[in-house]
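**Q** sequence plus the predicted model coming up.
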Amino acid sequence: MLYNNFELYNVAELIPFEGGGHLMSRLPSKVRAVMGAQGQRMACNTAGCEFRFVLNSGKAEITLKMDTPGAHTRALLYFGGVQSGWQTLSYYIGSEPTTITIENHPNPEALKRLSDASGYAYDPKVIRLTLESAQLVLLDAKGDVRPPLPTEVPKKRFMMYGSSITHGSLACSSNLTYLSQIAHRLNCDFYSYGFAGACLLEREVCDYISEQSNDINPRSWDFAVLELGINALGLESGEFAARVDYLLDAMLTKNPGKKLFVIDIYYHNGDFEGIPKADEFRNIVKHACESRAKTYHEIMHIPGRGLLTGPRGLSGDFVHPNVEGVREIADKLGEILERETK
């Protein structure tokens with residue numbers, strides 16, 4: 001969506017915030033409303049969201065704050081695909097209004113040579129302020145800017161739906177999430193529908209993410225990845241199976257010919273503590289994929305324990321990958337996606 005000629009990438013809707021400004025939601029209100037309190041909050045979490053713009057002249061000013069007293073986060077600056085230098089890379093945002101001032105790169109000719117030599121799909125004129133996973137309030141954005149043209153950003157995009165692991169928990173930085181690492185490897189863009197503690201496969205959410213390039217969901221993607229199961233372990237297995245069936249059928253029937261990759265539960269504490277329910281849910285996902293593969297050759301099941309393979313990849317909360325685990329997922333999943341989407 002656009003705000004004062006800035007593109008709010010991966011943002012579907014602005015929600016008025018008490019006291020002024022707007023929360024940035026990745027889901028429209030009618031979809032967000034069916035989720036529980038955790039899901040509604042996570043829909044307003046800015047994982048995978050960016051400010052994108054081309055600065056025509058002068059400087060741009062973006063004013064943000066956190067929605068909770070004492071909270072803080074940061075944003076990272078990119079010129080197209082080129083990470084900014086240390087002087088202008090990181091901007092820290094707290095619970096008081098913070099204005100980030102951004103100017104064009106001081107040496108655009110050298111920047112373009114670096115970008116071209118790297119093969120980046122972004123035009124280096126496109127300024128990208130990438131946001132961490134946080135509840136940010138947009139207070140203002142102003143400047144002599146325009147949104148990027150389709151020719152100035154990657155032509156190829158993927159969409160991913162999943163848990164907090166997908167939205168980037170404990171990756172430590174927005175550019176180190178496995179979605180970001182895979183997008184960098186494949187030279188493409190991504191849309192993130194990672195919802196911490198709230199990837200529950202609600203019917204309305206399934207309907208929304210399975211749509212593309214229309215009035216329901218204007219975003220478009222070339223292939224999709226689903227990470228399913230760990231947030232749904234509180235459901236009965238029959239209910240989980242029904243929700244998986246509904247999501248896969250919606251994705252496949254509405255997107256003929258588009259590749260669909262489905263990951264079951266990653267390695268976590270239940271595996272080394274011998275809790276059987278995770279394996280039951282993994283088998284549900286595997287069976288659902290295999291039964292559809294006979295008709296839809298575009299679907300591919302990927303075992304989660306084949307991507308995150310053991311306890312060395314876990315953090316101290318026993319569920320989320322540490323940075324080494326995130327890199328393991330990025331490397332192994334990235335290899336599969338690179339091979340299967342050529």
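**A** Perfect, thanks for sending it. Numbers count the residues shown, from 1 in each chain.

**Q** can you report how many residues neighbour the closest residue to residue 33 other than its chain neighbours?
**A** Leaving aside its sequence neighbours, residue 33 sits nearest to residue 40 (Cβ to Cβ, 6 or more residues apart in numbering; 7.5 Å). Any C-beta I mention is one placed from the backbone N, CA and C, and that applies to glycine too. The number of residues packed near residue 40 is 18, by other Cβ atoms under 10 Å.

**Q** helix, strand, or coil at residue 40?
**A** Three-state call for residue 40 (DSSP: H, G, I helix; E, B strand; the rest coil): helix.

**Q** was I right to think it contacts residue 34?
**A** No: when contacts are counted by Cβ atoms under 8 Å, residue 40 is not listed as touching residue 34 (9.1 Å).

**Q** where does this structure have its least confident helix or strand?
**A** None of the helices or strands of the chain scores lower by mean pLDDT, DSSP states H and E than helix 269-272, at a mean of 88.

**Q** helices and strands around that one, which ones?
**A** Secondary-structure packing of helix 269-272 (3 or more Cβ pairs under 8 Å, 6 or more residues apart in numbering; DSSP states H and E): helix 277-293.

**Q** any buried residues in the least confident helix or strand of the chain, and which?
**A** 270, 271 (16 or more other Cβ atoms under 10 Å).

**Q** so what touches that helix?
**A** Here helix 269-272 makes contact (Cβ atoms under 8 Å, 6 or more residues apart in numbering) with 275, 277, 278, 305, 311, 314, 318, 319.

**Q** ok, longest strand in this structure?
**A** Scanning the chain for the longest strand, with DSSP state E as the assignment, gives strand 50-66.

**Q** and the next helix or strand past it?
**A** Downstream of strand 50-66, the next assigned helix or strand under DSSP states H and E is strand 73-79.

**Q** name the residues of that following strand that come out as buried.
**A** Result for strand 73-79 [16+ other Cβ under 10 Å]: buried residues 73, 74, 75, 76, 77, 78, 79.

**Q** point out where this structure drops to low pLDDT.
**A** Within the chain, no stretch has pLDDT under 70.

**Q** quick check: the gap between the residue positioned nearest the centre of it and residue 186.
**A** Geometric centre of the chain, nearest residue: residue 192, 2.2 Å, by Cα atoms, centre = their mean. Going from residue 192 to residue 186 by Cβ to Cβ, to the nearest Å gives 15 Å.

**Q** just the buried residues out of the contacts of helix 269-272, in PyMOL syntax.
**A** Applying 16+ other Cβ under 10 Å to the contacts of helix 269-272 leaves a buried subset, and the PyMOL line that selects it is:
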select buried, resi 278+305+314+319
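
**Q** secondary structure for the contacts of helix 269-272 - can I get that in CSV?
**A** Formatted as CSV, the contacts of helix 269-272 follow (three-state DSSP):
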residue, secondary structure
275, coil
277, helix
278, helix
305, helix
311, helix
314, strand
318, coil
319, coil
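
**Q** for residue 208, state which of the contacts of helix 269-272 is nearest.
**A** residue 319 (26.1 Å; Cβ to Cβ).

**Q** for the closest one, give me its contacts.
**A** 165, 230, 268, 269.

**Q** can you pick the most crowded of the residues you listed?
**A** The most crowded member of the contacts of residue 319, judged by other Cβ under 10 Å, is residue 165 (29 neighbours).

**Q** test my guess that it contacts residue 267.
**A** No: using Cβ under 8 Å as the test, residue 165 is too far from residue 267 to be in contact (10.7 Å).

**Q** show me what counts as buried in stretch 305-313.
**A** Buried-residue list, stretch 305-313, by 16+ other Cβ under 10 Å: 305, 307, 308, 309, 313.

**Q** quick one: contacts for the third one?
**A** When you say that, I think you mean residue 308. 266, 267, 314, 321, 325, 328, 329.

**Q** out of those, which is most surrounded?
**A** residue 266 (29 neighbours).

**Q** helix/strand/coil for residue 112?
**A** Going by three-state DSSP: residue 112 is helix.

**Q** what sits against it?
**A** Residue 112 makes contact with residue 124 under the criterion Cβ under 8 Å, 6+ apart.

**Q** same thing but 10 Å
**A** The contact partners of residue 112, by Cβ atoms under 10 Å, 6 or more residues apart in numbering, come to 79, 80, 82, 105, 123, 124, 125.

**Q** name the nearest of these relative to residue 293.
**A** Distances from residue 293 to the contacts of residue 112, taken by Cβ to Cβ, are shortest for residue 80, at 38.0 Å.

**Q** what's around the residue nearest to the closest one when sequence neighbours are not counted, how many residues?
**A** Leaving aside its sequence neighbours, residue 80 sits nearest to residue 122 (Cβ to Cβ, 6+ apart; 3.4 Å). Other residues near residue 122 come to 21 when the count uses other Cβ under 10 Å.

**Q** confirm residue 122 sits in a helix?
**A** No: Residue 122: not assigned to a helix; according to three-state DSSP it is coil.

**Q** doesn't residue 154 make contact with it?
**A** Yes: Residue 122 lies in contact with residue 154 (Cβ atoms under 10 Å); the separation is 6.7 Å.
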